[in-house]
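Enquirer: Just the structure for this:
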Amino acid sequence: MVPALPQFSGRRAPQVAVAALVALALVAWGLLSVRGEPAPSGKVTLATGVPTGVYARYGELLRQDLAHDMPDVDLRLARSEGSIDNLRQLVSGRAEFTIATADAVATYRARGERGADRLRACARLYDDYMQLVVPKKSAVRSAKQLRRLRVGVGSDGSGVQLITKRLLKAAGLDFAKDIEPVRVGIDRMPGLLEQGKLDAFFWSGGLPTTAVQRLARRFPIRLVQLGDLSEALHAQGEPTRHYRAAVMPADAYPTVQNGQAVKTIAVANLLVTTDREDAAMTFGMTRTVINSRDWIGRQVHAAQRVDLRTAVFTDPLALHQGARQYYLSVKP
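Expert: A predicted model of the protein is given here:
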């Protein structure tokens, strides 16, 4: 139904009436550009992460919400080793959407990896916090003290391994020579630490990370600050500009931190697709991600950080056309 035009009188009536008609036409065009396309349907794959990580849990909950928002879309979840692996799945066509950290995207592009120029963003999601976990009785108080220790560094192709290498360099350590790197993910690192087969492990994830929470319930652990590496980390050049100094709040892991905040670094997560993806599908996916924040956030606390006001800041990627249409549709 087209709303009736307001009535105007006086010498300016024709000009005002024309302006009103133009405004209505623009509104109608905007609605048609979104609603006139067929509703998205079919199978879509979202590459997530290891089963006990935040990416995987976030994906599971997003799938449930998407079933209500776009009932004709069958969202499949694909596990992965982390951000770099996710991007490779995306550009190879094994996935249509994925989650990746901004530094991993920047590194992927800087290396000129396959399909790097086709990557597009849908939204900035939440921040990952770098966590260095050690047994509570460990003497390690800084990453600089990891020399000659067995350290979980994340799987090959993971974002956590990418950051770990840079943090160790900032600490004056050689990843290949000064530590014994154990290349496994968060699905295995807690168990290895508990069994005495690791002295420490790095993890990059939203707060709190379920696997770390569960470990803390059965084994005494401590979080090691990484704030002393911030300056040396940023001195490494362009890719490190995506890291920011951050603080893990005292209530992130209450039984571990004893009321103390822990200094660390953080990096943004992005919802990523490619320029091949359909605009209507991307519009719908972006809308669901934004609208599901509160519901998903009750179960994945990191998701509470998803915010319409900051979602458009997807550096180093440009927004996909469909995502851009969504943000314009909700612009005040």
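Enquirer: Alpha carbons only: can I get the lengthiest strand in the chain in PDB?
Expert: In the chain, assigned by DSSP state E, the strand with the most residues is strand 119-135. Below are the C-alpha coordinates for strand 119-135, written out as PDB (Å, rounded to 0.1, in the frame of the first residue of the first chain):
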ATOM      1  CA  LEU A 119      37.700 -11.800   0.100                       C
ATOM      2  CA  ARG A 120      34.900  -9.600   1.400                       C
ATOM      3  CA  ALA A 121      33.500  -8.900   4.900                       C
ATOM      4  CA  CYS A 122      30.000  -9.100   6.300                       C
ATOM      5  CA  ALA A 123      30.600  -7.800   9.800                       C
ATOM      6  CA  ARG A 124      33.100  -7.200  12.600                       C
ATOM      7  CA  LEU A 125      32.100  -9.600  15.300                       C
ATOM      8  CA  TYR A 126      33.800  -9.900  18.700                       C
ATOM      9  CA  ASP A 127      37.400  -9.700  19.800                       C
ATOM     10  CA  ASP A 128      39.700 -12.700  20.500                       C
ATOM     11  CA  TYR A 129      42.000 -12.400  23.500                       C
ATOM     12  CA  MET A 130      45.400 -14.000  23.600                       C
ATOM     13  CA  GLN A 131      45.600 -16.300  26.600                       C
ATOM     14  CA  LEU A 132      48.900 -17.900  27.900                       C
ATOM     15  CA  VAL A 133      47.900 -20.700  30.200                       C
ATOM     16  CA  VAL A 134      50.300 -22.500  32.600                       C
ATOM     17  CA  PRO A 135      49.900 -24.700  35.700                       C
END
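Enquirer: element containing the most centrally placed residue in the chain?
Expert: In the chain, the C-alpha nearest the mean C-alpha coordinate belongs to residue 269, at 2.2 Å (C-alpha atoms, centre = their mean). Residue 269 belongs to strand 262-274 when assigned by DSSP states H and E.
Enquirer: Beyond that strand, next helix or strand please.
Expert: helix 279-291.
Enquirer: Mind checking the pLDDT average for the helix or strand following that following helix?
Expert: Downstream of helix 279-291, the next assigned helix or strand under DSSP H and E is helix 293-297. Confidence over helix 293-297 (mean pLDDT, whole number) is 79.
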